[in-house]
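Q: Based on what follows, work out the 3D shape:
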Amino acid sequence: MPLNVDARLNHFADWLATPLGHYLASAEMDWYDRTVTDIFGYKAVQLELPQLDCLRANRMAWHLCAGQSLGVDLRCMGEALPFASQSLDLLVLPHVLDFAANPQAVLSEAERVLMPEGRLLITGFNPWSLWGLRRLQNGSHPAPWRGNFVALPRLKDWLATLGFETMQGEFLCYGLPVQREKWLSRSRFLEDAGDRWWPAAGGVYCLDMVKRVHGMRLIGPKWRNVPVVAGAVTATGADKTIVLEKDPKR
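A: Numbering: from 1, shown residues only. The predicted structure follows:
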């Protein structure tokens, strides 16, 4: 009998405590820490996997972990988030799409709840990697090999359709997907080699996306040209000198 979403997530959470799971978690937490630290706003939410505190380096005052995993702050489904439209500044999905029954519905909800220019961070398994090959041999094992392993080009197409734009992307975990610590240690040389020679073959992809809203533009102060006054700060162009002064009507 196939496992439901809750069971697969909980199996995956337990798997993170294994040597291979710890290797993956350490690499991903380093990426999340580097990425979220400079994302500002008011509200941030992590969906699923409270065992990985992906928001620990973020400085927003309001954040929580929601989902169906054991230990979340708020129980909900990724396909039906209990947040108002355009209410979140940051949403983090650590392997959520790998175990979602409907990954596209989760992304649609992400687009709904994020503010314009809000950020969406995603990590997932890369099927075009050694980890993807391991999945073909271990499809009957609950975690993590029974995940969806959504291909990155397909995921980017889904995100582009929803109006998301890529800020940055990265691949992680080039080491062998084995549980024996000795072989994990010996394969660490693949990290530098993989990043240089086959960068798109990492076991995990990381995406930093921003929600764009077409037709929206930032409104700044209106500047006008005024006669040069003694003592004024000027900016000199090729054919004229102007004074930068705010329009008092604005």
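Q: Please count neighbours and contacts with C-alpha atoms only from this point.
A: Fine.
Q: Three-state assignment for residue 59, please.
A: Assigned with DSSP: H, G, I helix; E, B strand; the rest coil, residue 59 falls in the coil class.
Q: got a list of what it touches?
A: 37, 40 (Cα atoms under 8 Å, 6 or more residues apart in numbering).
Q: try 7 Å
A: residue 37 (Cα atoms under 7 Å, 6 or more residues apart in numbering).
Q: And for the one 5 residues further on?
A: Residue 64 is in contact with 44, 45, 46, 73, counting by Cα under 7 Å, 6+ apart.
Q: My guess is the last one contacts residue 63. True?
A: If I follow you right, that is residue 73. No - counting by Cα atoms under 7 Å, residue 73 stays clear of residue 63, with 9.9 Å between them.
Q: Can you pick out the residue with more neighbours from the two?
A: Neighbours were counted for residue 73 and for residue 63 using other Cα atoms under 10 Å; residue 63 has more, 19 against 16.
Q: List the buried residues in stretch 117-134.
A: 118-132 (16 or more other Cα atoms under 10 Å).
Q: Looking at those residues, which are in helices?
A: 130, 131, 132 (DSSP state H).
Q: those helices in this protein, which residues are they?
A: 5-15, 19-36, 96-99, 103-113, 130-137, 152-161, 181-186, 189-197.
Q: Domain map for this structure?
A: Following automatic domain parsing, one finds the domains of the chain at 5-211, 219-250.
Q: Just give me the lowest mean pLDDT stretch among the ones you listed.
A: Sorting the domains of the chain by mean pLDDT places domain 219-250 lowest, at a mean of 48.
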